[in-house]
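1. the following block contains a protein sequence and its predicted model.
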2 protein chains.
Amino acid sequence: MASDGDTRTVGKAATAEQVVTAEPPRPAEQAETGEVAGAAEQAGAAEQAAPADPAVTAAHLREALDGPWRDVRDQARPHLADERLAGDSYLDYRAARARVLDQMRLVSTFGLAERGFQREHGGTADPGGAVTGLEMLAYADLSLWVKCGVQWGLFGGAVENLGTERHAEVVRQLISLDLLGCFAMTESGHGSDVANLETTATYDPATREFVVHSPTESSRKDYIGGAAQHARMAAVFAQLITGGEGKGVHCFLVPIRDADGGDLPGVTTGDCGLKGGLPGVDNGRILFDHVRIPRENLLNRYADVDPDGTYSSEIDNPSRRFFTTLGTLVRGRISVGGAAAAGARVALSIALRYADQRRQFDDPDTGEEVLLLDYRSHQRRLLPHVARAFALSFAQNDLVRRMHLIQTGQDLAQGAQRALEKRAAGLKVAQTRHATRAIQECREACGGAGYLTENRLVTLKADTDVFTTFEGDNVVLTQLVAKDLLTSYSDEVRDLDALGWVRFAATMARDVVRESSGVRQLIQRLRDRTGDSLDEGDLSRRAVQLQLFADREDYLVRTAAHRLRARAKETNPFEAFNNAQDHILLAGEAHIERLTLEAFIEGIADIQDEEARTLAETVCDLYVYSTLEQNQAWFIMHRFMSVDRAKQVRRGVNELVDRLRPHSRILVEAMGVPEESLRSAMLNDASVHQGQ
Amino acid sequence: MASDGDTRTVGKAATAEQVVTAEPPRPAEQAETGEVAGAAEQAGAAEQAAPADPAVTAAHLREALDGPWRDVRDQARPHLADERLAGDSYLDYRAARARVLDQMRLVSTFGLAERGFQREHGGTADPGGAVTGLEMLAYADLSLWVKCGVQWGLFGGAVENLGTERHAEVVRQLISLDLLGCFAMTESGHGSDVANLETTATYDPATREFVVHSPTESSRKDYIGGAAQHARMAAVFAQLITGGEGKGVHCFLVPIRDADGGDLPGVTTGDCGLKGGLPGVDNGRILFDHVRIPRENLLNRYADVDPDGTYSSEIDNPSRRFFTTLGTLVRGRISVGGAAAAGARVALSIALRYADQRRQFDDPDTGEEVLLLDYRSHQRRLLPHVARAFALSFAQNDLVRRMHLIQTGQDLAQGAQRALEKRAAGLKVAQTRHATRAIQECREACGGAGYLTENRLVTLKADTDVFTTFEGDNVVLTQLVAKDLLTSYSDEVRDLDALGWVRFAATMARDVVRESSGVRQLIQRLRDRTGDSLDEGDLSRRAVQLQLFADREDYLVRTAAHRLRARAKETNPFEAFNNAQDHILLAGEAHIERLTLEAFIEGIADIQDEEARTLAETVCDLYVYSTLEQNQAWFIMHRFMSVDRAKQVRRGVNELVDRLRPHSRILVEAMGVPEESLRSAMLNDASVHQGQ
């Protein structure tokens, strides 16, 4: 298991350069190459030994990437071949919405939705299986994935996790789709800043009802999936007011449509209309004009209001109550990251297959046209994304496993939930950013063909584009991760407002480096396993790689904290924070990179088949080298890497893509997207290939 | 005028570090800030002096960015307010095509199309005005821009520039839209590799006809704008064969549809259907089955076939003939770059305005919600793109002016056309890549609102996405630029096949550094103007900045050449080339960056108004600093910049975005997109702003 999210090593201050040498990665016998004239470059780096049976190697790799819920994935794969679950880009958005609703009804017969709910509510209590099974739908169509995610994940998750026994019947109905719901959190004026939502739910003891109201234009619920057409009930996040006192954001069940689909009295829904993608999802708006709901419609897991209006909660601290409430919804964030990465795997599978059959320009020696994937630039634009896709698959599996252990009561450790939330936020950022970049690169790498809808890449791009935004804007989430790192998980800090946070961070700075040690243990284990000595500083050694990632994170966190402290005395808190914002974000990113590498390392350790493991090690090297290359300015500037080592990193990337290129088909199959669900016309179209 | 594209300085070998110091840019009185604890950071860098009258400053800046054809832009602006020219995302693609065709008919009454053609063909012979006027349509809708570009730019340009007097009537008809045409170059099997197109046009002396034929599946014409529905005639690029001999690629006019829109005998058209964007453009496919056309339908500007089948051309060398033919089509490539940059300006205008009215999260001191644009991270994600937009506007204006001088016979210098082609290729890459990145960033920076079609960003993203591909794939074009740099414009080299090119490049390497001197003259002029001494190495000095850009280019070109030479002896040519491909591409990119900076510098020099010029200088600094930051690993690794200087560059970017932030509205207005043509609902929607 990778080290926990709340651990960091004590980084050595800027002295690593001397000990780190970046020999090109294994196998050791490969050629040394020089970057410029005079250096003795030899043709063709040593190739990865070809697996005896590529199909067997691919199967082993796929099993590893499929992760703990591989059975769930295997069960889902045959469904994905079903044409009825595919997207249809030619439908207008109203027809697309109707089709996706039908598809969701079909999916509801798969037994997939039940996994996310407790047995006493009609579920099968397998949260890890629920997230994984849902993720597989992303291979078919992302509108379908979102639609199901809204119904069972967000709406269902809110009722299941924030409600109590009195809401059990609602859960049963939403599993079976007898009740369609939506998750009405975001407002036109407030998205990331949930604490400042403006919708109010004011308790009226006279009638024992809450009055749900939208007091301003900006309090309109907005972008809500299902709100435009299909949802009959909304899980509404609103400021609870009782006895004239605000108690913070709580969640309420508010019926919004009658059986015929008409708005209920006091409710005005609107339609967000066309979006960049996801045409099958009916995003909409809701305005409430003093809508009355029974007292029991408060989802009262963590707080309740007595008939007489008395407020009670087992969590005294309002801020902690708020974060506990939001924390139960972590599954949605985990699912978004997983689906984004799944979309990227589809795109990479398409682009890699295409590059291995499409030719352009003659090889001057042979006169034959060259496959796109034989060009260095093409290898470089695609294969590092594949390496990252591998890394993120392992990281997502690990994340889902952690979530499952917590949500099934098998992990009761203090801080586990909090660590999960941080990890989920970080991996949501990593995966959605990866999807945005990788799919864009795939589109461009397939040229004009890549732009045709029939080849699917543009749909993947359009559909996943909002993933960097919803379930937490990536910038805000990266900041959240970094803030947690900076304040070393102090609960008191999280509960502070922004002013308090900045002041606290300033006082914390001198103690921020902690001795706790997951990553150090892993590094030690890697050293023990291979007999590596860190002092040798060989960058092809996994322990050295991980140390570099950890050093970077540690250095950034420490210096960000110092910087905040230095500024806090002189300026106002917002300015102190804002001035360091780019630095703070970088610390968050470094943390996410380190977690991802750890997950990759742990994932490889579980591969029994030798050839599969060897190939996975090379992919991991490419992940490491291309990540180091992206950050090499930082590593040099902070003297963790010498200039010569940085140049070797660049050459290392070239050698690694060379070495992986012959195995591209294995890599595609390992990613596990069923061939039938690629649905990209050009892959089967002889006319895009050379005519002779 | 910026130095010509075919000049480079002799770079000093990796010794610049000692002389370059990167003081934060002017004004000199600004605060020194430290990156980490202990350094004395002061709040708030010195702000840009506020212009006395922002509207006046904005008007001056806009005039500068509007460039030589500012009258054409001013004439176009009122048309852009016309709702009839806006896009309508709710139309299905067939209706969208019909609407865009109607819009093109409306545009044909503006007198815009005529500018691109000679007077004797019914035109007004103002090629610069034609490109600029067309570009303005990009503000309204990119489908309309493409549709007009295909008709008048590509199809019209082919007939005008490759045809002769006998095709004058065709030109007249296509200007007035009595004849709708398409430009049938790309085939399913060959896009970038135009020389290897497979369509044949075989001369039959018996009937004095050419027989146009698609011999293979991959020879199908593909992605052709207009081919799916509207075009009645195609300018077809095909291998000319006469007397059993292939004469290379030539262009032929082939009628493809009758008056009712039905395919003519032997012609089979198809529909590419939906694409990532550009729904109003009817991209399609064409297969020819021995279609006979009169001998006179060969566009015979550079070559002809006598009635008896004898082939003749004033250009003996077949390769040079081919490149001459393609070279006349440079206007299309120039237009694509311009439209991409225009699309980016629309997106940046929207995102910047939104960021200046949308608030999220409280300032802990004031309790007021903070404008997005007051966050450091938000400034950093948007403002460097704005700086690049400025740079590219100047570069595009300069490019169009050069094209105009050549195409109107005012610049007859040897090599001018060739230099124009290289510059056009490079700026096409820079502008389309900029558009892809900037629009993506704008979308994300506007959160969920950015994802709604009504706010326009996703449409801009989808429509411009293919711009990195069409009119020359960006990777291929970057390589073309680099190859030209490597072979120092030797005509013989360009005419060599790939094998010959690699061999020649290898022999050229030792002479590749040339003494010719446009950039050196400019640097000297900058030094003279300000009294700068390069030895002071102050990175806030323009001359020092330009020297760094030029040094990088020079170093990359020299070392790429050396590397090719070193490898060429040992390996086969393709391998030698492929092994250096990433290096070669980097050289091309560095060249493009240098050209762009030169254009920015020259553009500023023409601004008379002091306040406008001062602001433009700050924007230019941000362009320089953010570009240096992107490439800082390279600069450090090659010892053109010390680590301390690199850290100062990072701080410099922060200080510059701080300084520009208060002037964001001026920057928006300077970019010159009329407010009425932004058409982004959220900019006028009170509900997205805070309710209180």
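-> That came through fine. Residues are numbered from 1 along each chain as shown, chains lettered A, B, ... in the order given.
2. just want the residue of the stretch 101-250 of chain A that's nearest chain B.
-> In the stretch 101-250 of chain A, the residue that lies nearest chain B is A:T216 (2.6 Å; Cβ to the nearest Cβ). Using the backbone N, CA and C atoms, a C-beta is placed for each residue, glycine as well.
3. could you report the pLDDT at A:H434?
-> Looking at A:H434, its pLDDT stands at 98.
4. got the angle for the helix or strand containing it vs helix B:416-445?
-> Applying DSSP states H and E as the criterion places A:H434 in helix A:416-445. If you take axes from the mean of the first three to the mean of the last three Cα atoms, to 10 degrees, helix A:416-445 sits at 150 degrees to helix B:416-445.
5. show me what counts as buried in helix A:416-445.
-> With burial defined by 16 or more other Cβ atoms under 10 Å in any protein chain shown, the residues of helix A:416-445 counted as buried are A:416-436, A:438-445.
6. chain center to that helix: distance?
-> 4 Å (Cα atoms, centre = their mean, to the nearest Å).
7. that one and chain B, are they touching?
-> Yes - counting by Cβ under 8 Å from any Cβ of the partner chain, chain B has neighbours in helix A:416-445: A:T436, A:Q440, A:R443, A:E444.
8. closest to chain B among these?
-> Distances from the residues of helix A:416-445 next to chain B to chain B were compared by Cβ to the nearest Cβ; the smallest belongs to A:E444, at 5.4 Å.
9. near the closest residue in space to the closest one that isn't next to it in sequence, how many other residues are there?
-> Leaving aside its chain neighbours, A:E444 sits nearest to B:T468 (5.4 Å; criterion: Cβ to Cβ, 6 or more residues apart in numbering or on different chains). For B:T468, the count of nearby residues is 26 (other Cβ atoms under 10 Å in any protein chain shown).
10. equivalent analysis for the one 4 residues further on, please.
-> Applying other Cβ under 10 Å, we find 23 residues neighbouring B:G472.
11. that one: what secondary structure?
-> At B:G472 the chain is in coil, as set by DSSP: H, G, I helix; E, B strand; the rest coil.
12. just for the stretch 451-600 of chain A, where's the confidence low?
-> A:488-517, A:529-536 (pLDDT under 70).
13. count the neighbours of A:D644 for me.
-> Residue neighbour count, defined by other Cβ under 10 Å, stands at 12 for A:D644.
14. which element is it on?
-> Here A:D644, judged by DSSP H and E, is contained in helix A:643-660.
15. which neighbouring elements make contact with the helix or strand following that helix?
-> Sequence order places helix A:664-671 as the next helix or strand after helix A:643-660, per DSSP H and E. On a contact count with 3 or more Cβ pairs under 8 Å, 6 or more residues apart in numbering or on different chains; DSSP states H and E, helix A:664-671 meets helix A:54-66, helix A:330-355, helix A:376-407.
16. Throw those helices into CSV and include mean pLDDT, thanks.
-> Output for the helices and strands packed on helix A:664-671, formatted as CSV (pLDDT from 0 to 100):
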stretch, mean pLDDT
helix A:54-66, 97
helix A:330-355, 98
helix A:376-407, 98
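17. so of those, which one's packed in deepest?
-> helix A:330-355 (a mean of 27; mean count of other Cβ atoms under 10 Å in any protein chain shown).
18. ok, back up a step: between the helices and strands packed on helix A:664-671, which one is nearest to chain B?
-> Distance to chain B, taken as Cβ to the nearest Cβ, is lowest for helix A:376-407 among the helices and strands packed on helix A:664-671, at 4.1 Å.
19. sounds good, over and out.
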